[in-house]
Each structure stands twice: as structure tokens, then as C-alpha cells.
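**Q** sequence and predicted structure below; questions after.
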Amino acid sequence: MQMQKLFNGHTVFSVEVFPPKKPGTIGSITSALDGISGIKPDFISCTYGAGGNPADTSTVDICRMIKEKYGILPIAHLTCVNNSREDIDNIIGLLDNAGVTNVLALRGDKNDKVKPKEDFFHASELISYLRQKAPHIHISAACYPETHPDSESAVSDILYLKEKEQCGAEHFISQLFFDNEDFYAFREKTLIAGIKSPIEAGIMPVTGKSGILRMVSMCGASIPKKLSRILNKYENDPRAFADACLAYAIDQIIDLIANDVDGIHLYSMNRPDIAQSIYGAVKNML
């Protein structure tokens with residue numbers, strides 16, 4: 001399905017899940033999907049394989065399940081850092097066999113223990129290859145409201161985003177962020193650059209202090225003072241911590257919807273309870 005057709009008169013609400021870390025245990029994600037599917041998100045994306053191994057087909061298998069069992073549009077993450085052209089061709093075959101026609105094309109995280117492949121160095125190169133090799137596949141891509149950690153500058157990052165669109169990306173999902181003003185400033189820059197594809201805001205509800213600190217250090221996001229006070233005040237009170245962080249995410253989403261965001265992409269951490277709570281609080285605003 002062409003992604004732009006989803007963004008037609010309402011705020012899109014989508015959810016991300018990830019495969020089990022141990023290959024061959026795909027059944028363990030069923031309970032998560034059972035709960036998440038109940039809110040009927042516009043689509044569910046599934047991150048790429050266990051450890052970026054091209055031999056692991058769990059992403060495609062899960063996307064087939066999302067489509068066939070739950071009747072929800074799936075988007076398969078596809079990375080190029082650990083994939084050769086031959087690997088990508090094989091994955092395209094698997095996607096076609098599963099009836100999956102939407103992918104999120106990414107560079108992917110580098111693994112110090114695995115030598116990266118050299119056929120694709122950037123997501124834009126993967127997007128161009130997919131557009132040429134499999135024109136029936138609809139391509140989404142990532143964006144970074146606070147600038148990609150490897151970018152030379154915020155300007156070069158926006159220009160690279162424009163290049164992704166010109167190569168064939170028709171929809172963007174943002175990296176997590178915790179200050180909506182960062183997203184609004186980024187959105188304004190994309191408009192100035194002439195980027196027309198819809199941009200979903202990526203929201204990750206905080207479930208643990210150490211985990212979110214590790215995550216932001218990897219992706220270049222920042223923690224505003226308001227959230228930092230919550231993390232510090234309630235870190236030793238699990239119930240209060242969970243309630244406060246959930247309320248923070250809901251408040252973020254309400255503000256984004258009120259400011260006409262194209263969509264909300266919820267990083268669910270395979271937690272259907274969190275997805276259900278957040279959706280229940282904002283569903284009447286979408």
C-alpha cells in the first residue's frame with residue numbers, strides 16, 4: 001500500500017515491534033501482537049532480524065503474521081550495513097512471497113563484532129536500489145529531529161533527508177525525542193527544504209532510567225529538564241515512575257496532535273499494555 005494514502009484527513013497512529021532476540025522463537029511475540037492488534041493501528045512496523053543477521057527471516061515472518069493473522073498493514077525494516085546486493089535480492093524475494101510491499105529502509109546500526117558489507121554505505125543507496133530493483137515496494141525512511149549523530153551539521157542532515165525523498169522514500173518516521181519543540185523546529189526546516197512526504201513523530205515511553213539513558217546516548221536524543229526531574233524523583237518508586245513516564249508520553253502525543261502532526265509512531269518495546277494505555281488516552285483526538 002502506498003503510504004501517502006494513509007495520511008488522508010486524520011493523524012496516523014502506528015506501532016513498532018521487534019523480533020525475539022533468539023532466532024527461531026517467533027512464537028514469543030504472538031502475545032504482544034495479540035494485545036497491540038486490538039487497538040487497530042494504521043500499521044505495525046517490525047525491526048530488522050536478530051543482530052542484523054541476513055539469514056534470520058524473523059522480520060519477514062512476523063510481517064506475514066501481522067498481515068495474515070491480524071489484518072493490519074505491516075512494514076518490514078530493512079538495513080544495508082550487514083547486507084550485500086545479493087542479500088537484499090533474497091530479502092525482496094521473501095517479502096514478495098509473504099505479500100509484504102512496505103519497507104523501512106535504513107542504514108542500520110554498526111556492529112563492532114561484524115565487518116559491514118560494502119555494497120551500500122547509506123540508506124539513500126539502499127532506497128535507490130529498491131526503487132530500481134523492486135518498484136512495487138513502497139519505501140519509508142528514518143529522520144532525526146535532533147540531527148543524526150554522524151551528520152556534519154543540521155543543514156547537511158536535512159539535505160540528506162531531501163536526498164532520501166528524491167531517491168524514492170515516500171514517508172518518514174522520526175527517531176525518538178522528548179521535547180516537542182525539537183520536532184517542530186525540525187519540521188519547519190523540512191518544509192523550507194521542500195520535503196513533502198509525511199513525517200511521523202517517533203515516541204518512546206520511558207520504562208526504565210538506565211535503559212533510556214543508554215538509548216539517548218546511542219541515537220543523539222536529549223532529555224529535557226522536565227523529564228529529567230521525573231526520572232530522578234521517581235526512579236526508586238516503580239509504580240510512580242511508570243505512571244509519570246506514561247503521562248509524559250501521553251502529554252507529548254496530545255501536544256503533537258494539537259499541532260497537526262502527520263502521525264504518531266509508538267516504539268512499543270513489545271509492551272501491549274503501554275500501547276493500549278496510550279491509545280486509549282488519545283484515540284478520540286486522532
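**A** Received it, and whenever you're ready, just let me know what you need.
**Q** what about the strands in the stretch 151-286 of the chain?
**A** 172-174, 199-203, 263-267 (DSSP state E, counting those that start in this stretch).
**Q** same check on the stretch 1-150 of the chain?
**A** Under DSSP E, counting those that start in this stretch, the stretch 1-150 of the chain gives strands at 12-17, 43-46, 73-79, 102-106, 138-143.
**Q** mean neighbour count and mean pLDDT added to those strands, as a markdown table?
**A** All C-beta atoms are positioned from the backbone trio N, CA, C, and that covers glycine. Shown next, in a markdown table, are these (neighbours: other Cβ atoms under 10 Å; pLDDT from 0 to 100):
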| stretch | mean neighbour count | mean pLDDT |
| --- | --- | --- |
| strand 12-17 | 23 | 98 |
| strand 43-46 | 25 | 98 |
| strand 73-79 | 25 | 96 |
| strand 102-106 | 25 | 97 |
| strand 138-143 | 23 | 98 |
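**Q** I'd like those strands as a markdown table, with distance to K225 appended.
**A** Below are the strands of the stretch 1-150 of the chain laid out as a markdown table (distance: least, Cβ to Cβ, whole Å):
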| stretch | distance to K225 |
| --- | --- |
| strand 12-17 | 27 |
| strand 43-46 | 31 |
| strand 73-79 | 33 |
| strand 102-106 | 31 |
| strand 138-143 | 25 |
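**Q** buried ones in stretch 202-212?
**A** Of the residues in stretch 202-212, 202-206, 208-209, 212 count as buried by neighbour count, 16 or more other Cβ atoms under 10 Å.
**Q** again, but for stretch 85-98
**A** So stretch 85-98, judged by 16+ other Cβ under 10 Å, has buried residues 87-88, 91-92, 94-95, 98.
**Q** by contact count, what packs against the helix or strand of the chain with the lowest mean pLDDT?
**A** Scoring the helices and strands of the chain by mean pLDDT, DSSP states H and E places helix 209-219 at the bottom, with a mean of 88. For helix 209-219, there is no helix or strand it packs on, judged by 3 or more Cβ pairs under 8 Å, 6 or more residues apart in numbering; DSSP states H and E.
**Q** please save the CA atoms from that helix in PDB.
**A** In PDB, the C-alpha atoms belonging to helix 209-219 read as follows (Å, rounded to 0.1, in the frame of the first residue of the first chain):
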ATOM      1  CA  LYS A 209      16.000   5.200  33.700                       C
ATOM      2  CA  SER A 210      19.200   3.300  32.800                       C
ATOM      3  CA  GLY A 211      17.600   2.000  29.500                       C
ATOM      4  CA  ILE A 212      16.600   5.400  28.300                       C
ATOM      5  CA  LEU A 213      19.900   6.900  29.200                       C
ATOM      6  CA  ARG A 214      21.600   4.200  27.100                       C
ATOM      7  CA  MET A 215      19.200   4.700  24.200                       C
ATOM      8  CA  VAL A 216      19.700   8.500  24.000                       C
ATOM      9  CA  SER A 217      23.400   8.200  24.100                       C
ATOM     10  CA  MET A 218      23.300   5.900  21.100                       C
ATOM     11  CA  CYS A 219      20.800   8.000  19.000                       C
END
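**Q** now it: how far from the chain's centre is it?
**A** 16 Å (Cα atoms, centre = their mean, to the nearest Å).
**Q** list of residues touching that helix?
**A** 109, 144, 149, 175-176, 204, 206, 221-223, 231, 235, 241 (Cβ atoms under 8 Å, 6 or more residues apart in numbering).
**Q** let's see which of the residues you listed end up in helices.
**A** Judged by DSSP state H, the contacts of helix 209-219 include 231, 241 as members of helices.
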